[in-house]
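Q: Okay, predicted coordinates and the sequence, questions at the end:
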Amino acid sequence: MELSLTQFLTIDGVYQAPGGPEEDTSDGFTHGGWSVPYGDEDFGVFMDSVFDRVDAFLLGRRTYDIFAGYWPKVDDPDNPVATKLNDLPKYVATGTLTEADWAGTELLRGDIVAEVTALKARPGRELQMHGSGALAHTLLAAGLIDTMNLLTFPVVLGTGKKLFTDTVRPTGFTLTESRTTSTGVLIASYRADGAPKYGDYSTE
């Protein structure tokens, strides 16, 4: 399976608490819910297309807790997000959870790089990460993320957790798709393309 990351970001690269004021208030963050005003039909259509490709989910502990508190209660068979999340395998990277009630959940408590490498070796289409920024840091540093869907919302916050830090492995990416929603969310999809290529304008 390929490992994909779908992440909501502000223009200044913050991923913290896009969905609500109480989603993640760590470090005194007070801007939770910044993505909500920009949801529209274009956004929904894109997210449905992402979930069409999934065969399993890989989630960090915080994202898992948020999802597990909401999606098992959504039993509409015509909701493509709910049906996939409730029916497909979910792998959770955690050092603290000892059990999980959400059906289809398996806890990954060992070396996460080795665990994810083994998951990627299984047959299937996409192993999808949604949110899970701390886990994304680890897997970006290990070079394990194959594709990224970055949804950049037209807002700057100044503070908050950032997706790309100085631990990331230098990597070149190819833009495979881009679009803009009616509310101004820039959706860009990228595929990892090895080490960055460098040049020198002064010699041209």
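A: Looks like it came in fine. Numbering: from 1, shown residues only.

Q: Send me the one helix or strand Leu135 maps to as PDB with only the CA atoms.
A: Assigned by DSSP states H and E, Leu135 falls within helix 133-141. Only the C-alpha atoms of helix 133-141 are listed here, as PDB (Å, rounded to 0.1, in the frame of the first residue of the first chain):
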ATOM      1  CA  GLY A 133       0.600  15.800  12.700                       C
ATOM      2  CA  ALA A 134       3.000  14.400  15.300                       C
ATOM      3  CA  LEU A 135       3.000  11.000  13.600                       C
ATOM      4  CA  ALA A 136       3.500  12.800  10.300                       C
ATOM      5  CA  HIS A 137       6.600  14.400  11.600                       C
ATOM      6  CA  THR A 138       8.100  11.000  12.400                       C
ATOM      7  CA  LEU A 139       7.100   9.500   9.000                       C
ATOM      8  CA  LEU A 140       8.300  12.500   7.000                       C
ATOM      9  CA  ALA A 141      11.600  12.300   8.700                       C
END
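
Q: Just after that helix, pick out the following helix or strand.
A: strand 147-153.

Q: Can you list the buried residues in that following strand?
A: Buried positions in strand 147-153, judged by neighbour count with 16 or more other CB atoms under 10 Å: Thr147, Met148, Asn149, Leu150, Leu151, Thr152, Phe153. Using the backbone N, CA and C atoms, a C-beta is placed for each residue, glycine as well.

Q: swap in stretch 66-82?
A: Ile66, Phe67, Ala68, Trp71, Pro80, Val81, Ala82.

Q: Kindly reformat these as JSON lines containing distance to Gly32.
A: Output for the buried residues of stretch 66-82, formatted as JSON lines (distance: CB to CB, whole Å):
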{"residue": "Ile66", "distance to Gly32": "11"}
{"residue": "Phe67", "distance to Gly32": "16"}
{"residue": "Ala68", "distance to Gly32": "19"}
{"residue": "Trp71", "distance to Gly32": "19"}
{"residue": "Pro80", "distance to Gly32": "26"}
{"residue": "Val81", "distance to Gly32": "21"}
{"residue": "Ala82", "distance to Gly32": "23"}
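
Q: angle of the helix of greatest length in the chain against strand 147-153?
A: Longest helix of the chain, by residue count under DSSP state H: helix 41-51. With axes from the mean of the first three to the mean of the last three CA atoms, to 10 degrees applied, the angle from helix 41-51 to strand 147-153 works out at 160 degrees.
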